[in-house]
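Novice: kindly generate the corresponding structure for this input.
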Amino acid sequence: MCSRKWEWCSALELLLLPFLVTGIPDHSEKITSVSGNNVTLQSSKKLLGNYTHSTWFYTTNQKIVEWDSSDVNYFNTRFKHRVRLDPRSTALHIYNVQKEDSSTYLLRVSNEGGSEYEINIILEVFDPVPEFLIELKEVKKVGDNCYLNLSCEIQNQSVDYVWYTDSGIFPNGHKRSVLEVNLTSSHKQSTFYTCQVSNPVSSQNDTVYFRPPCTLVQVVSGMEKQGEDVALPSFKPAVHSSIESSGSVPDTLPSLIAVLCMALILSRLGDMSSPILWSDEYHKLVSDLDTHHSRAPTHLK
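Specialist: Modelled structure (predicted):
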């Protein structure tokens, strides 16, 4: 009975031997890149010594480039003007990679004895995550409770979402683009909500701030500004120019007008030696007016 088992094992090895040698790739690696970068596909494992032929495939049946001891042949594919083969190392240089270049690339080499060696290299290309703003789909206060519906969805990209509060990652492993929260007065309410969007090559985040139970807080130049307890559209806080203080005309202006009128009268009379024209008060009023003028918004000058 034992001998029969050995016979079956030996027969199975003979049947699988061709596939173990040439049909199944011997080595697999993975490379991740940002779109627009240049990448090099090259195995970290030592290849067959004295190989005489090598071929790179985009898919199992689409050749990119082929090399033998006498020539390099680039095939008419989407890579034709974006690739370069280094015959010495068999490294394949791809320039300006795009998301569409993501694939499992196959390198096949052989030597004079006919032995073959195959390597799979997985290339994943991602676009950088764009900047975004959290969209406030609904902010509704009911008594002391608050309902929030926030969104940070990125269109047409494979990304991961994580929401954070001032206590850390949002409970229950929330990993969706939309966050719905019912806040009650009996629970500790977070003062902010942050959405982090990421892929293997980049990440972006945005934060909205609230004052419990349901008041949006805008952060402008490091200072808080209280909003209203109503549903609000998405926005990006901005600092708007304004006249200093209340925007009113300086208190010194009436006095300055009086002095200037007196100076004008005296100059018409030819009395330029009058003390009023050379007084400290006169020069101080002129200086105050110049200072206020330089601080005013352009459209008020």
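Novice: give the contact list for residue 135.
Specialist: With contacts taken as Cβ atoms under 8 Å, 6 or more residues apart in numbering, residue 135 has the following neighbours: 150-153, 234. Yep, even glycine has a C-beta here, placed from its N, CA and C like the rest.
Novice: so which of those residues wins on neighbours?
Specialist: Neighbour counts for these peak at residue 152, which has 25 neighbours (criterion: other Cβ atoms under 10 Å).
Novice: so where's the stretch 151-300 of the chain shaky on pLDDT?
Specialist: Low-confidence segments of the stretch 151-300 of the chain, defined by pLDDT under 70: 172-174, 218-300.
Novice: may I see the buried residues of stretch 130-147?
Specialist: Buried residues in stretch 130-147, counting neighbours by 16 or more other Cβ atoms under 10 Å, are found at 132, 134-137, 139, 141, 145-146.
Novice: with stretch 54-63 instead?
Specialist: Across stretch 54-63, burial judged by 16+ other Cβ under 10 Å covers 54-58, 63.
Novice: could you export the host helix or strand of residue 122 as PDB, CA atoms only?
Specialist: Secondary-structure element containing residue 122, defined by DSSP states H and E: strand 116-126. As requested, C-alpha coordinates have been extracted for strand 116-126 and formatted as PDB (Å, rounded to 0.1, in the frame of the first residue of the first chain):
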ATOM      1  CA  GLU A 116      13.500  30.300 -18.200                       C
ATOM      2  CA  TYR A 117      12.800  32.500 -15.300                       C
ATOM      3  CA  GLU A 118       9.800  34.700 -14.700                       C
ATOM      4  CA  ILE A 119       9.100  37.600 -12.400                       C
ATOM      5  CA  ASN A 120       5.800  39.300 -11.700                       C
ATOM      6  CA  ILE A 121       6.000  43.000 -10.700                       C
ATOM      7  CA  ILE A 122       2.700  44.600  -9.700                       C
ATOM      8  CA  LEU A 123       2.600  48.400 -10.400                       C
ATOM      9  CA  GLU A 124      -0.100  50.500  -8.700                       C
ATOM     10  CA  VAL A 125      -0.400  54.100  -9.800                       C
ATOM     11  CA  PHE A 126      -2.500  56.600  -7.900                       C
END
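Novice: that one pairs with which strands, parallel or anti?
Specialist: Here strand 116-126 is paired, per DSSP bridges, with strand 27-34 (parallel), strand 103-111 (antiparallel).
Novice: for these, which one sits closest to residue 157?
Specialist: With Cβ to Cβ as the measure, strand 27-34 is the member of the strands paired with strand 116-126 nearest residue 157 (12.6 Å).
Novice: hmm, back to that, ok, the contacts of residue 135 vs residue 210, which is closest?
Specialist: Using Cβ to Cβ, residue 150 is the member of the contacts of residue 135 that sits closest to residue 210, with 10.3 Å.
Novice: ok, that closest one touching residue 206?
Specialist: No. With contact taken as Cβ atoms under 8 Å, residue 150 and residue 206 are classed as non-touching, separated by 9.8 Å.
Novice: joint contacts of these two?
Specialist: Residues touching both residue 150 and residue 206 comprise 134, 195, with contact defined as Cβ under 8 Å, 6+ apart.
Novice: run through the bridge partners of residue 146.
Specialist: residue 141, residue 183.
Novice: distance-wise, check it relative to residue 197.
Specialist: From residue 146 across to residue 197, the span is 24 Å (Cβ to Cβ, to the nearest Å).
Novice: ok, residue 134 next?
Specialist: Distance from residue 134 to residue 197, by Cβ to Cβ: 10 Å.
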